[in-house]
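Participant: Below: sequence and its predicted model.
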Number of protein chains: 2
Amino acid sequence: MRIVLDAMGGDYAPHVPVMGAVQAAKELDVNVLLVGDRELVERELRKFSFPPEKIEVVHAEDSVPMDEQPSKALKRRNSSIHKGLELLKKGEADAFVSAGNTGAVMAISLFTIGRLRGIERPAITTIFPNLKGHTFLLDVGANVDCKPNHLLQFAIMGSAYAKYVLGEENPRIGLLNIGEEEGKGNELTKEAYKLLKEASKKGLNFVGNAEGRDIFSGDFDVVVCDGFVGNVVLKLSESLAKILAKILKEEIEKSWISKIGAITLKPAIKGFKRRIDYAEWGGAPLLGIKAPVIISHGSSNAKAIKNAIRTATQFVKSELNRHIEEEIERYG
Amino acid sequence: MRIVLDAMGGDYAPHVPVMGAVQAAKELDVNVLLVGDRELVERELRKFSFPPEKIEVVHAEDSVPMDEQPSKALKRRNSSIHKGLELLKKGEADAFVSAGNTGAVMAISLFTIGRLRGIERPAITTIFPNLKGHTFLLDVGANVDCKPNHLLQFAIMGSAYAKYVLGEENPRIGLLNIGEEEGKGNELTKEAYKLLKEASKKGLNFVGNAEGRDIFSGDFDVVVCDGFVGNVVLKLSESLAKILAKILKEEIEKSWISKIGAITLKPAIKGFKRRIDYAEWGGAPLLGIKAPVIISHGSSNAKAIKNAIRTATQFVKSELNRHIEEEIERYG
């Protein structure tokens, strides 16, 4: 299997993507096409030993800054994202992975590859750890003004991903809302609830409304919302975990006894970090695009990149997009 | 000053509200009107000593369950919430405090007391601790489908509350959005941004867009959003803090060394809890109602109730509602 990796994407590019590619080449049954500035990428590659036939460098003279507007990024036809996605489009690779600018990857994916049959709006997704496992949340930013049918489609796509790629047997789908009961919500969620309930009669495992607290409760495997709410949830959750840790640290540092006590907690804190660490999940897909595209966190380390490449192979092997097309037809 | 306290509101009523009233009577310059089932309330009161002239019991034979729909609660004309708000309406008290059903208090306040002049939609509010102080967030659930002008009014009301009641000198107002730059957002926030920018030319301290991470960053004193997003944020934040603490506890309990270490951390954890404890803030107001109404958390303890009563007195003394009416006229 051939995976394109954006060598210029992420906060520590090209160093970290190259390291991730090397790890993947060693540990996984994949060939990696590293797309980026050839000179920079090859300089990084020379630091490592790896099976040479499993990594190939494809030159791209430009790259998309992490915070560039998608509309501007679209014009960079020689960026690593654009060139990488073109390889995918032409069938020279099976999937694309980037830790770069998410909005840009979405826009360029739509432009070069296009939407899956039957999908009105592709979605950006994320995976959160919860008390029992993980919650797959979408949309987290692609569609800020949604129609009820978009949320239904997110539910179908998210459920298929949880089932075929994450290996959940019968994923429980929740609609993010402000109360548990049917009839709660704003205009969008009230209407979306009706569509989801209809689809549940045909077999979609829609459980009901999920509240803010349910994103981490473990009672739902897939939670759908519009991209405005999802983006607020994503940024809030990431920051809150950091801020709570910071407040705790400040309090610990107020006394030498607790400072010493804190040392004994290092294994516990390491375990804690592992459980809430996105790197374990290795990226989340753009769903609704006609080919597998995986986004890794901007601050990904090499392990996260390698895991994202593994996720991409699972996306391909599972034939997820065929399943999505079938299920959109069945439930949509 | 006379404050009505809903003796039947909250998860531990009437025990905790009565205890809170007793603390308030002892420590604050207020008279408390405890509204609720006279027999139950007086039985609780007999457990404490307090200046008898400062607490009065007003009988209400009914009470509103914590999870009852506001539309149903409205029909309970003999509930402690309804009778208490009627005392306020008749001018027999200066403010109303409840740890009960927030939606019900909002609905009955609108019905008995009505909106402030110029206010289209009253808002439910909350106060979050942040790294530097606190963030005042509104709306967190009263208005799930908002128009741009509602967000402008929330900004004016929230800013006035932060200034006159919380004592912020020049509160920095943020619009909850999915990016920092002007032009980002959904239809609602794009339009609201324009109105806020206009108002900032007349002196409103609108700083710009706030992202999910900014609710806890301390860069904003007041953050406005529609009640759907605010409600998700509120429930998510409350649950995430609890869940992170639980995961950390599970990890600590895996080894006896870290269990012992954890004992030394007790003061730090206590300090941590105090910093993120809503009880310190003592409730948050319904803004836009023609009289002062303060909501305390359902799981409030006596101290939180007492602090909510203190907040109510500050609301009254500051003549907040007069300021809001003036500022709505100036900026609206």
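Facilitator: In hand now; what should we look at? Numbers count the residues shown, from 1 in each chain, chains lettered A, B, ... in the order given.

Participant: following the lowest-mean-pLDDT helix or strand in chain A, which helix or strand comes up?
Facilitator: Least confident helix or strand, chain A: helix A:266-275 with a mean of 71, by mean pLDDT, DSSP states H and E. Tracing the chain C-terminally past helix A:266-275 and defining elements by DSSP states H and E, one meets strand A:284-287 next.

Participant: List the strands paired with that next one, with their directions.
Facilitator: Partner strands for strand A:284-287, per DSSP bridges, with pairing direction: strand A:123-129 (antiparallel), strand A:293-295 (antiparallel).

Participant: Could you report the separation of the spatially most central residue of chain A from A:Leu234?
Facilitator: For chain A, the residue nearest the mean C-alpha position is A:Ala284 (1.8 Å; C-alpha atoms, centre = their mean). The gap separating A:Ala284 from A:Leu234 is 10 Å, by C-beta to C-beta, to the nearest Å. Every residue, glycine included, has its C-beta placed from N, CA and C.

Participant: Between the two, which contacts overlap?
Facilitator: Common contacts of A:Ala284 and A:Leu234, defined by C-beta atoms under 8 Å, 6 or more residues apart in numbering or on different chains, comprise A:Thr126.

Participant: Tell me the residues on the stretch 101-250 of chain A that lie near chain B, please.
Facilitator: Residues of the stretch 101-250 of chain A found near chain B (C-beta under 8 Å from any C-beta of the partner chain) are A:130-131, A:141, A:144-145, A:176, A:178, A:185-187, A:189, A:211-217, A:225-229, A:231-241, A:243-244, A:246-248.

Participant: Strands - which of these land there?
Facilitator: Within these, residues falling in strands by DSSP state E are A:Leu176.

Participant: Of the residues of the stretch 101-250 of chain A next to chain B, grab the buried ones for ChimeraX.
Facilitator: For the buried members of these, the matching ChimeraX selection, counting by 16 or more other C-beta atoms under 10 Å in any protein chain shown, is:
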select /A:130,131,141,144,176,178,185,186,189,211,212,213,214,215,216,217,225,226,227,228,229,231,232,233,234,235,236,237,238,239,240,241,243,244,247,248
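
Participant: Contacts only, for the nearest residue to A:Met19 once chain neighbours are set aside.
Facilitator: With C-beta to C-beta, 6 or more residues apart in numbering or on different chains as the criterion, A:Met19 has its nearest non-adjacent residue at 3.7 Å, and that residue is A:Ala302. Applying C-beta under 8 Å, 6+ apart, one finds that A:Ala302 lies in contact with A:Val16, A:Met19, A:Gly20, A:Val22, A:Gln23.

Participant: how does it look with 6 Å?
Facilitator: When contacts are counted by C-beta atoms under 6 Å, 6 or more residues apart in numbering or on different chains, A:Ala302 is found next to A:Val16, A:Met19, A:Gly20, A:Gln23.

Participant: mind checking pLDDT for it?
Facilitator: At A:Ala302 the predicted local confidence, pLDDT, stands at 94.

Participant: Spell out which residues make up each domain of chain A.
Facilitator: According to the domain assignment given by automatic domain parsing, chain A is divided into the following structural domains: A:1-119+A:288-319, A:125-280.

Participant: looking at these, which has the lowest confidence?
Facilitator: Least confidently modelled of these is domain A:125-280, at a mean of 89 by mean pLDDT.

Participant: ok, back up a step: pick the most buried one from the strands paired with strand A:284-287.
Facilitator: When the strands paired with strand A:284-287 are scored by mean count of other C-beta atoms under 10 Å in any protein chain shown, the highest mean neighbour count falls to strand A:293-295 (a mean of 27).

Participant: and after that one, which helix or strand comes next?
Facilitator: Under the assignment DSSP H and E, the closest C-terminal helix or strand after strand A:293-295 is helix A:302-317.

Participant: How about that next one, which residues are buried there?
Facilitator: By neighbour count on 16+ other C-beta under 10 Å, the buried set for helix A:302-317 is A:302-316.

Participant: pull the CA atoms of it into CSV?
Facilitator: As requested, the backbone C-alpha atoms of helix A:302-317 are provided in CSV (Å, rounded to 0.1, in the frame of the first residue of the first chain):
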residue,chain,number,x,y,z
ALA,A,302,6.7,10.9,15.1
LYS,A,303,4.6,8.2,16.8
ALA,A,304,1.5,10.2,16.1
ILE,A,305,2.5,10.4,12.5
LYS,A,306,3.2,6.7,12.3
ASN,A,307,-0.1,5.9,13.9
ALA,A,308,-1.9,8.3,11.4
ILE,A,309,-0.2,6.3,8.6
ARG,A,310,-1.5,3.1,10.2
THR,A,311,-5.0,4.6,10.4
ALA,A,312,-4.8,5.5,6.7
THR,A,313,-4.0,1.9,5.9
GLN,A,314,-7.0,0.7,7.9
PHE,A,315,-9.2,3.3,6.1
VAL,A,316,-8.1,1.8,2.8
LYS,A,317,-8.3,-1.8,3.7
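
Participant: Quick check: next helix or strand after that helix?
Facilitator: Reading on from helix A:302-317 to the C-terminus, the next helix or strand found by DSSP H and E is helix A:320-331.

Participant: Identify all contacting residues around that next one.
Facilitator: Helix A:320-331 is contacted by residues A:Leu116, A:Arg117, A:Gly118, A:Ile156, A:Met157, A:Ala160, A:Tyr164, A:Val165, A:Ala199, A:Lys202, A:Leu204 when judged by C-beta under 6 Å, 6+ apart.

Participant: quick one: it to helix A:302-317, angle?
Facilitator: Between helix A:320-331 and helix A:302-317, the angle formed by their directions is 60 degrees, by axes from the mean of the first three to the mean of the last three C-alpha atoms, to 10 degrees.

Participant: can you pull the buried residues of helix A:320-331?
Facilitator: Along helix A:320-331, these residues count as buried under the neighbour rule (16+ other C-beta under 10 Å): A:Leu320, A:Asn321, A:His323, A:Ile324, A:Glu325, A:Glu327, A:Ile328, A:Tyr331.

Participant: Please tell me how far the longest helix along chain A is from the chain's geometric centre.
Facilitator: Criterion DSSP state H: the longest helix present in chain A is helix A:227-252. The chain centroid and the centroid of helix A:227-252 are separated by 18 Å, computed with C-alpha atoms, centre = their mean, to the nearest Å.

Participant: what's the angle from the next helix or strand after it to helix B:256-264?
Facilitator: Following the chain from helix A:227-252 toward its C-terminal end, the next helix or strand by DSSP H and E is helix A:256-264. Between the axes of helix A:256-264 and helix B:256-264, defined by the same axes, to 10 degrees, the angle is 150 degrees.

Participant: buried ones in helix A:256-264?
Facilitator: Applying a neighbour-count criterion of 16+ other C-beta under 10 Å, the buried positions in helix A:256-264 are A:Ser258, A:Gly261, A:Ala262, A:Thr264.

Participant: Adding distance to B:Lys72, write those out as TSV.
Facilitator: Converted to TSV, the buried residues of helix A:256-264 look like this (distance: C-beta to C-beta, whole Å):
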residue	distance to B:Lys72
A:Ser258	49
A:Gly261	51
A:Ala262	50
A:Thr264	53
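
Participant: So which of the residues you listed would count as near chain B as well?
Facilitator: When the buried residues of helix A:256-264 are filtered against chain B using C-beta under 6 Å from any C-beta of the partner chain, the residues retained are A:Ser258, A:Gly261, A:Thr264.

Participant: how close does A:Arg76 sit to chain B?
Facilitator: If you measure A:Arg76 against chain B using C-beta to the nearest C-beta, to the nearest Å, the figure is 19 Å.

Participant: That residue and B:Asp219, how far apart?
Facilitator: Here A:Arg76 is placed at a distance of 31 Å from B:Asp219 (C-beta to C-beta).
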